[in-house]
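**Q** next comes the sequence, and after it the predicted model I'd like to discuss.
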Amino acid sequence: MNKQMENRDRNKEKIADEFMDYNQFTSEYDHEVQDIDLLSKKSEQILPYYPSFFMGSLKEACQAAFRPNTIAEYLPVLVYIHRDGSRFGEKFCRTMFYSNKLIQYLNMNYIFWSYNITDKSNRLTLMNVWEDIFSTRFSDEFSIEECPLLIGIMRLCKYNINGIIASEYQFKALVKGNILIRTGIKIDHENLFNELNHFKDECDNNEKHLSFNFIKKTHLSWEIILEIAEYLSISDVITTFSIDILTLLNHKHFKMKLLNPYDRLTKIILPKIQIEQITSLQINANGLHSENELAVLSNFPKIRSISVHNLVYSVGISQYAKYLPSLTRICLYYDDKANYYELIRKLIHFPQRIKQCEIHCSGTFYNYNPTKDIGYPSDITTSLEYFLLNISQYPSTSLQNSSQDYKSWFRISIHSFIQKMPRIQHFHIICNKYNIEYVLGDDLWKSPLCSRLQLKKLTLEIAKSAYENQQWLIKKVMEIQLILYKIQKTIKFQFIFV
């Protein structure tokens, strides 16, 4: 028995060596199909079990995968990228091609496409093909040192062109070298089989989602759909209603909100719409954007509003504004409390064309460090006419232990904001049960600053459930209304329970 096992192992090693030697004569071919044809023939000669390689280009493989009439017939594409002399090439071949169970599953559930990138011309061919299909560079996601690679492909979206269904595709790295990307463990027969099964399920669920026709299922009118779309980004609109809705949006000259100008779906959408329809933009600024990435914003000359999440304090909003000539509204969102000192610095450096500003956070705090202070002129003001301070988000830390200090600091910060806005016409505050008492404090609105403003409207907003003593609320609101009336009879005071 032991002798039989030794002979079987030696036979496997011999076959693996022959299969690895195959790479030495395929690299001289620089055409996708020629490379696959050679690999397929060699596999039939030397492998105990061999996959059914797709005989065509990668684009043809993608088209063939999603051409069938029913979802059940759709097959994801599995891309196998390899090269001569790769560190894990032999180990990968033993894992991939010596399991009858795995190969049978692969042949029944995937379209398998392979390419050798040992030769430079082949690498260039793959890069061109990849960018053509995915609108992104292969080198941005993968490197030649990571070979062998297994990459799964499924559809990103589908749309109708003159009665013909066209598709865009997305990819996901499954294996790099000898590591499963999703789990971070080394590959073997069993976990590679499980990974292929997992991605197939993911692809099937994706196809069910793409086939769901929200409009037909709900029987909503186009008027209601357009009304819903007003509250969504263009990416969310397409995800909800399918990419075919772009035809309607273009026809109606619908104003659209762009969620992220750098992602894959955005690159697909932009050629299909009029750039002038993009009027607002939302960006997550947790990481600094390079100058080249920021320059992309200049492609959207009609953007009037930008929302930036977690803008780094050391970065001014001006770096975004300089690429957006029509910008008049800025919204800053923070996951927790925001540094008042840094906010003031940002406000005074707003371009003069900015007329509206919103700040959304759980509150403000003061963290002044004189060693890092480069100062800001006290006489610089903004041109803001509308300002919203939304502090209704509950903070991650309690304010109760320092309520008196916070009350004093809150009044100072509000006064400082007002001081920098001599042209303000509408001041809007949204608060919660932790700060409602500070907002309704008499001393906050008796400031002489209020008498020098062009203020036309003051709005205070709070949830009904945030404060149990509603009689006290009504009393304080009436007192503030009287204070404002004495300052300027024309100020409209609005208190909202939501």
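**A** On my side now, so go ahead. Residues are numbered from 1 along each chain as shown.

**Q** which helix or strand in the protein has the lowest average pLDDT?
**A** helix 23-26 (a mean of 40; mean pLDDT, DSSP states H and E).

**Q** which residue is the nearest non-sequential neighbour of the residue positioned nearest the centre of the chain?
**A** With distances taken as CA atoms, centre = their mean, Asn260 lies nearest the centre of the chain, 5.8 Å away. Closest residue to Asn260 apart from its sequence neighbours, by CB to CB, 6 or more residues apart in numbering: Thr266 at 6.1 Å. (Each C-beta comes from the backbone N, C-alpha and C, glycine too.)

**Q** repeat that for Ile181.
**A** In this structure, Ile181 finds its nearest non-sequential neighbour in Ala173, 4.9 Å apart by CB to CB, 6+ apart.

**Q** beta partners for Glu461?
**A** For Glu461, the beta-bridge partners are Ile430, Ile496 (DSSP bridges).

**Q** report the strands that pair with the host helix or strand of Phe387, each with its relative direction.
**A** For Phe387, the element it lies in under DSSP states H and E is strand 386-390. The sheet places strand 386-390 alongside strand 356-360 (parallel), strand 426-431 (parallel), with pairing taken from DSSP bridges.

**Q** which of those has the lowest mean pLDDT?
**A** For these, the weakest mean pLDDT is recorded on strand 426-431, namely a mean of 89.

**Q** immediately after it, which helix or strand?
**A** helix 436-439.

**Q** and Glu190, what's its pLDDT?
**A** Glu190 carries a pLDDT value of 91.

**Q** please disregard the earlier target; I meant Ile283.
**A** At Ile283, the model reports a pLDDT of 84.

**Q** check Tyr313 too.
**A** 61.

**Q** same check on Asp373?
**A** At Asp373, pLDDT is 45.

**Q** for the stretch 151-300 of the chain, what are the low-confidence residue spans?
**A** For the stretch 151-300 of the chain, the stretches flagged by pLDDT under 70 are 158-167, 212-217, 286-289.

**Q** revised request: answer the last question for the stretch 301-450 of the chain.
**A** Counting by pLDDT under 70, the stretch 301-450 of the chain has low-confidence residues at 313-315, 365-379, 395-412, 442-444, 446-450.

**Q** now do the helices in it.
**A** Assignment of helices within the stretch 301-450 of the chain using DSSP state H, counting those that start in this stretch yields the ranges 318-321, 340-348, 403-419, 436-439, 442-445.

**Q** redo the strands paired with strand 386-390 as TSV? Include mean neighbour count and distance to Ile238.
**A** Shown next, in TSV, are the strands paired with strand 386-390 (neighbours: other CB atoms under 10 Å; distance: least, CB to CB, whole Å):
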stretch	mean neighbour count	distance to Ile238
strand 356-360	19	26
strand 426-431	20	31
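
**Q** output the ones you listed in a markdown table, with distance to Glu131 appended to each entry.
**A** Conversion of those to a markdown table gives the following (distance: least, CB to CB, whole Å):
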| stretch | distance to Glu131 |
| --- | --- |
| strand 356-360 | 38 |
| strand 426-431 | 46 |
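
**Q** nearest to Ile474, out of these?
**A** Nearest to Ile474, of all the strands paired with strand 386-390, is strand 426-431, at 15.9 Å by CB to CB.

**Q** now what about the closest one, what contacts it?
**A** Contact with strand 426-431 is made by 385-392, 418, 421, 439, 455-462, 466, as judged by CB atoms under 8 Å, 6 or more residues apart in numbering.

**Q** please check these and keep the buried ones.
**A** By neighbour count, with 16 or more other CB atoms under 10 Å, the contacts of strand 426-431 hold 385-392, 418, 421, 439, 455, 458, 460-462, 466 as buried.

**Q** surely Gln425 touches Thr459?
**A** No: counting by CB atoms under 8 Å, Gln425 stays clear of Thr459, with 11.6 Å between them.

**Q** now the angle from the strand holding Phe387 to helix 340-348?
**A** 160 degrees (axes from the mean of the first three to the mean of the last three CA atoms, to 10 degrees).

**Q** quick one: low-confidence ranges for the stretch 1-150 of the chain?
**A** Using pLDDT under 70, the stretch 1-150 of the chain drops low at 1-50, 68-72.

**Q** tell me the secondary structure at the closest residue to Ile306 other than its chain neighbours.
**A** Once flanking residues are discounted, Ile306 sits nearest to Leu281: 4.8 Å by CB to CB, 6+ apart. Secondary structure, DSSP: H, G, I helix; E, B strand; the rest coil: Leu281 is strand.

**Q** next, count neighbours for Leu281.
**A** Counted by other CB atoms under 10 Å, the residues lying close to Leu281 total 23.

**Q** bridging residues for it?
**A** Assigned bridge partners for Leu281, using DSSP bridges, are Leu258, Ile306.

**Q** pull the residues that contact the longest helix that the chain contains.
**A** When the chain is parsed with DSSP state H, its longest helix is helix 189-211. Residues from elsewhere that reach helix 189-211, judged by CB under 8 Å, 6+ apart: 66, 71, 74, 76, 78, 95-96, 98-99, 101-102, 105-106, 109-110, 152, 154-155, 157-158, 172, 174-175, 180, 182-183, 185, 187, 242.

**Q** ok, of the residues you listed, which come out buried?
**A** The neighbour-count criterion (16+ other CB under 10 Å) marks 66, 74, 76, 78, 95-96, 98-99, 102, 106, 109-110, 152, 154-155, 157-158, 172, 174-175, 180, 187, 242 among these as buried.

**Q** now, which of those lie within strands?
**A** Counting by DSSP state E, those place 78, 152, 154-155, 157-158, 172, 174-175, 180 in strands.

**Q** determine which two of the residues you listed are furthest apart.
**A** Pairwise distances across these peak at 29.1 Å for Lys158 and Leu180 (criterion: CB to CB).

**Q** I figured the residue nearest to the centre of the chain hits Ile283, correct?
**A** Yes: with contact defined as CB under 8 Å, Asn260 reaches Ile283; the gap is 7.0 Å.

**Q** the closest residue to Gln277 other than its chain neighbours - how many residues pack around it?
**A** Nearest residue to Gln277 in three dimensions, chain neighbours excluded: Met256, at 5.1 Å (CB to CB, 6+ apart). By other CB under 10 Å, 23 other residues sit near Met256.

**Q** for Met256, give its distance to Gln356.
**A** 19 Å (CB to CB, to the nearest Å).

**Q** cool, and Pro76?
**A** Distance from Pro76 to Gln356, by CB to CB: 46 Å.

**Q** now do Gly177
**A** The spacing between Gly177 and Gln356, counted by CB to CB, is 51 Å.

**Q** likewise Lys322?
**A** Distance from Lys322 to Gln356, by CB to CB: 18 Å.

**Q** likewise for Phe97?
**A** 62 Å.

**Q** try Gly316
**A** As judged by CB to CB, Gly316 and Gln356 stand 18 Å apart.

**Q** if anything else comes up later, I'll come back, but that's it for now.
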